[in-house]
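> here is my input; please provide its structure:
(2 chains)
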2 protein chains.
Amino acid sequence: MTSIGIVGAGVAGLHLGLLLRQHDVPVTIYTDKTADQVAGGRLLNTVAHHHHTLERERALGVHHWDASEYGYVCHQHSIVGTPEPLRFRGDFDHPSSIIDYRLYLPRLMADYEERGGELVVGPVDLDEIDRLGRRHDLMVIAAGRGPIAEMFPRRADKSPYDRPQRRLSAGIYQGIAYSEPKGVGVHMSLGHGELLELPIYSKQGFATALLFENIPGGELERLVDLRYEDDPAAYDRTVLELVERHYPALYERIDVDAFGLQGPDDLIQGALTPIVREDYVRLPCGTYAIAVGDVHCVVDPVNGQGANSASYSAWVIGQAILDDYGFDEQFCRRVAREREAFVHGVSDWTNLVLNPQPHMVEVLMTMAQSKALCDEYTRNFNRPDRQWQAVATPERAAAFIARHATDRDVAVA
Amino acid sequence: MTSIGIVGAGVAGLHLGLLLRQHDVPVTIYTDKTADQVAGGRLLNTVAHHHHTLERERALGVHHWDASEYGYVCHQHSIVGTPEPLRFRGDFDHPSSIIDYRLYLPRLMADYEERGGELVVGPVDLDEIDRLGRRHDLMVIAAGRGPIAEMFPRRADKSPYDRPQRRLSAGIYQGIAYSEPKGVGVHMSLGHGELLELPIYSKQGFATALLFENIPGGELERLVDLRYEDDPAAYDRTVLELVERHYPALYERIDVDAFGLQGPDDLIQGALTPIVREDYVRLPCGTYAIAVGDVHCVVDPVNGQGANSASYSAWVIGQAILDDYGFDEQFCRRVAREREAFVHGVSDWTNLVLNPQPHMVEVLMTMAQSKALCDEYTRNFNRPDRQWQAVATPERAAAFIARHATDRDVAVA
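Residues are numbered from 1 along each chain as shown, chains lettered A, B, ... in the order given. Got it, this is the predicted structure:
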């Protein structure tokens, strides 16, 4: 009987584990935190689940937060630093949603165990992965930094950066009224960075996550070094001042008196270097290990794609496990081929957005004038492979724009 | 406006042309024969269309020969040369069918032209392809031998043979009663070759194509050198004698007095070397050219997969044309990736069957004992990517067999 070992109880590990349990495949997830530790810990991320990810949740019977109630339906764009400030909107076909992973992951861990999935809590290192490989037919590495991620060689051809392109501050705030229609605010302050305004459902109910994507050297970078614990009031005041200056479209919807970080655990500050790694390696014990999620591909969160890509990738692995006859290199190559367009599409597109070439800038500027173009770009958050097809080269971007040339109009949100 | 140029009016060129016309994409097919010339010419092949190909015909509105009336539903296996002769049957989920291409292609050429497709009849050489490339956004090379096929370099890693593995004789015969249920007879004479008994619908109505796959040096090879025109009666007599000796399961259903080749144009004799070529090249004019069908991948007809693989491949190209924003190398790589598992699966599986390693022999021998295994192998004629997953290695074949170990039984047709 096939037995699958998964390292990591994030979205990829859990979606894969749940899919395998749905088909009675024996599976063990190895993780370093209990569900209670995840639930009571620090904010993990501020990630949107797009429609394709929600569809997988529905197929697994774990869509516990109905997107029609908890979700949002559009991107509300604002740009300052252009000759005229710009505001425009792009609509989804289906809602996306953002649930605090301290609610999401523990609930799915419980689902997984209720359905017969084995969950082993404890530290996992490289030697342990090789030992586990002897007990399983395939290892899926869905969590791990340092030596664990480095098992999978970096792909220089797909990894254009050797340092972070943004310094990040993500926190959950109160005192922000949602946009109408409810959407993610995609705010740009040219030269300084982006702010993603994210309608999140957290432990305290509906709130707003602000993900500041700060260009190194820009005026917003100091947000990342500001210590909330040192002086919460000063922290909130600084955030408010910088939002007023750089992101006025958001500032308009802030109740200044009510504004503030939800709590000290609701903030993460840091930076990451985007990287794409090889899809798989053969462990010393002979078993193959496939990388998924951040172990395979670290993307900057500016496009909100990481979790979706991880879940997609987990699903490809799961369907292949259910379908295939062996867990050899042929299997690993199949997985790599089947997820390549999507996972690399996420990475290539996101890396382009971090340092947009002129044709990417032109797409964005044209979106401000063409709601049809903006809608398609927005819908493609659910189809990152298609997004990359549309923006990969100047010629493609021109064709993408031209396809909507006849319906250009001013689209003000 | 996108414009596609297709060289070749075989099944790949026509299915692609019809798909593009269904979506109002301008397309021109260049071919060296008129529909009347095809209709009045020599037998082109004896190819089965499996369910996935028929599904595409239905989607295109060109399924003119309803498979429930014209098709067949199983493979009737017989093996001689083993200690005991073996007979067993594998069933499809959906019927396949075999229509003489001298009926099929002219009818689809007419459909294509009726739907606004341009058809240009005349010789096409390399220089002409480059000239055509200036008029089209993409060239699809769906026919051509010699220098045209050689535009696409041979892939040594996927082309294990440098000469034909079988010498072929394919003809349409009368005087053979169909098996019950109606199926393709897959007859093997160990050491001498295979005979595919194919219920074909031809210009004269229902008949049987016999495709002799003769191992060089075996007793049946001389069929390929026998000239029908020299002495039709002697030809028919020789075929009959060899069938009696090597393929008794077929001989039982022959009415000796009625048996004979349908006519001098209903016979083709020859040989081919299996080969896989690169997916695409950039023409001197800058336009990309994608290979499809035999130009991309020549497979021996022993598994009856060539036309299906060509049609599948054409469909991948067509869907990509409809979906994508550019016809650059990124487009060509996408097509290559999307068809790889299927098209290379056909080729790898067929190349294995021509010179079966012990694990492939074991699969065949176990099929004689397990109808469930035989049914799955038979259904996988509609899923060659999956077939290759099942038989690629000894370990995979063992897992494939083991999956049906509990339901092994004697399955006599």
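
> what residues does the helix or strand containing A:Ala234 touch?
With secondary structure defined by DSSP states H and E, A:Ala234 is part of helix A:232-246. Residues outside helix A:232-246 that contact it (Cβ atoms under 8 Å, 6 or more residues apart in numbering or on different chains) are A:80, A:173, A:187, A:189, A:192, A:195, A:210, A:219-220, A:222-223, A:226-228, A:250-251, A:254, A:256, A:259-261, A:264. In short, each C-beta sits where N, CA and C put it, glycine included.

> got the contact list for the residue lying closest to A:Ser78 once chain neighbours are set aside?
Nearest non-adjacent residue to A:Ser78, counting by Cβ to Cβ, 6 or more residues apart in numbering or on different chains: A:Ala249, 3.6 Å away. Going by Cβ under 8 Å, 6+ apart, A:Ala249 touches A:Gln76, A:Ser78, A:Pro85, A:Arg87, A:Gly185, A:His187.

> show me which of those residues are buried.
With burial judged by 16 or more other Cβ atoms under 10 Å in any protein chain shown, the buried subset of the contacts of A:Ala249 is A:Gln76, A:Ser78, A:Arg87, A:Gly185, A:His187.

> okay, A:Pro394: pLDDT?
With respect to pLDDT, A:Pro394 scores 98.

> give me the neighbour count for it.
By other Cβ atoms under 10 Å in any protein chain shown, 13 other residues sit near A:Pro394.

> what sits closest to it if chain neighbours are left out?
A:His359 (4.1 Å).

> the one you found in helix, strand or coil?
Three-state assignment for A:His359 (DSSP: H, G, I helix; E, B strand; the rest coil): helix.

> that one touches A:Ala392, doesn't it?
No: assessed by Cβ atoms under 8 Å, A:His359 is found out of contact with A:Ala392, at 9.3 Å.

> and these two? which has more neighbours close in?
With neighbours defined as other Cβ under 10 Å, A:His359 and A:Ala392 compare such that A:Ala392 has more, 21 against 18.

> next up, the contacts around the nearest residue to the more buried one once chain neighbours are set aside.
Closest residue in space to A:Ala392, ignoring its immediate chain neighbours: B:Gln330 at 5.9 Å, by Cβ to Cβ, 6+ apart. B:Gln330 makes contacts with A:Gln389, A:Ala392, A:Thr393, A:Arg396, as judged by Cβ under 8 Å, 6+ apart.

> rerun that using 10 Å as the cut-off
A:Asp348, A:Trp388, A:Gln389, A:Ala392, A:Thr393, A:Arg396, B:Asp324 (Cβ atoms under 10 Å, 6 or more residues apart in numbering or on different chains).

> looking at those residues, state which has the most neighbours.
A:Gln389 leads these on contacts (other Cβ under 10 Å) with 25 neighbours.

> that residue: which element?
helix A:384-391.

> and the helices in the stretch 151-300 of chain A?
Counting by DSSP state H, counting those that start in this stretch, the stretch 151-300 of chain A has helices at residues A:232-246, A:248-251.

> quick check: closest non-adjacent residue to the most centrally placed residue in chain A.
Nearest residue to the geometric centre of chain A (Cα atoms, centre = their mean): A:Gly306, 2.9 Å. Nearest residue to A:Gly306, sequence neighbours excluded (Cβ to Cβ, 6+ apart): A:Val299, at 5.2 Å.

> state the pLDDT value of that neighbour.
Reported pLDDT for A:Val299: 98.

> got a list of what it touches?
A:Val299 sits in contact with A:272, A:274-276, A:305-306, A:309-310, A:343, A:346-351, A:354, A:384, where contact means Cβ under 10 Å, 6+ apart.

> point out where chain A drops to low pLDDT.
In the predicted model of chain A, residues A:1, A:406-413 satisfy pLDDT under 70.

> domain ranges for it?
Following automatic domain parsing, chain A resolves into domains at A:4-48+A:100-161+A:273-353, A:167-271, A:357-402.

> gap between the two ends of the longest one?
The reference is to domain A:4-48+A:100-161+A:273-353. 36 Å (Cα to Cα, to the nearest Å).

> sorry, back to before: just put the helices of the stretch 151-300 of chain A in JSON lines and tack on distance to B:Thr34.
Formatted as JSON lines, the helices of the stretch 151-300 of chain A follow (distance: least, Cβ to Cβ, whole Å):
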{"stretch": "helix A:232-246", "distance to B:Thr34": "69"}
{"stretch": "helix A:248-251", "distance to B:Thr34": "65"}
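
> deepest in the core, which of those helices is it.
helix A:248-251 (a mean of 19; mean count of other Cβ atoms under 10 Å in any protein chain shown).

> before we move on, the earlier item: quick one: the helix holding A:Gln389 to chain centroid distance?
17 Å (Cα atoms, centre = their mean, to the nearest Å).

> all strands for the stretch 151-300 of chain A, in order.
Here the stretch 151-300 of chain A has its strands, by DSSP state E, counting those that start in this stretch, at A:167-174, A:183-189, A:193-202, A:205-214, A:260-261, A:267-271, A:275-276, A:280-282, A:288-291, A:297-298.

> is it true that A:Pro284 touches A:Gly133?
Yes: under the criterion of Cβ atoms under 10 Å, A:Pro284 makes contact with A:Gly133 at 8.0 Å.

> among these two, which residue is more densely surrounded?
A:Gly133 (20 against 12).

> is chain B contacted by the strand or helix carrying that one?
Assigning secondary structure by DSSP H and E places A:Gly133 in helix A:126-135. No: Helix A:126-135 stays out of contact with chain B when judged by Cβ under 10 Å from any Cβ of the partner chain, the minimum separation being 16.3 Å.

> helices or strands up against that helix?
strand A:4-7, strand A:27-31, strand A:138-141, helix A:147-150, strand A:288-291 (3 or more Cβ pairs under 10 Å, 6 or more residues apart in numbering or on different chains; DSSP states H and E).

> list the buried residues for that helix?
Neighbour-count burial for helix A:126-135 [16+ other Cβ under 10 Å]: A:Ile129, A:Asp130, A:Leu132, A:Gly133.

> coming back round to it: from the buried ones among the contacts of A:Ala249, which single one is nearest B:Val11?
Proximity of the buried ones among the contacts of A:Ala249 to B:Val11, judged by Cβ to Cβ, is greatest for A:Gln76, which lies at 49.9 Å.

> ok so the closest one is a helix residue?
No: read with three-state DSSP, A:Gln76 is strand and lies in no helix.

> tell me what it is bridged to.
A:Arg89, A:Gly185 (DSSP bridges).

> count of neighbours near A:His136?
A:His136, neighbours per other Cβ under 10 Å, totals 20.

> can you count the residues close to the residue nearest to it when sequence neighbours are not counted?
Among residues not flanking A:His136 along the chain, A:Gly5 sits closest, at 3.6 Å (Cβ to Cβ, 6+ apart). Using other Cβ under 10 Å, A:Gly5 has 25 other residues around it.

> report the beta-bridge partner residues of A:Gly5.
Applying DSSP bridges, one finds that A:Gly5 bridges with A:Thr28, A:Met139.

> circling back: possible to save the strands of the stretch 151-300 of chain A as a markdown table with distance to A:Thr28?
Shown next, in a markdown table, are the strands of the stretch 151-300 of chain A (distance: least, Cβ to Cβ, whole Å):
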| stretch | distance to A:Thr28 |
| --- | --- |
| strand A:167-174 | 31 |
| strand A:183-189 | 36 |
| strand A:193-202 | 30 |
| strand A:205-214 | 33 |
| strand A:260-261 | 38 |
| strand A:267-271 | 29 |
| strand A:275-276 | 28 |
| strand A:280-282 | 19 |
| strand A:288-291 | 14 |
| strand A:297-298 | 24 |
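
> what about the ones you listed, which gets the closest to B:Tyr30?
Closest among the strands of the stretch 151-300 of chain A, using Cβ to Cβ: strand A:275-276, at 41.1 Å.

> is any part of the closest one close to chain B?
No: judged by Cβ under 10 Å from any Cβ, strand A:275-276 stays clear of chain B, getting no closer than 16.1 Å.
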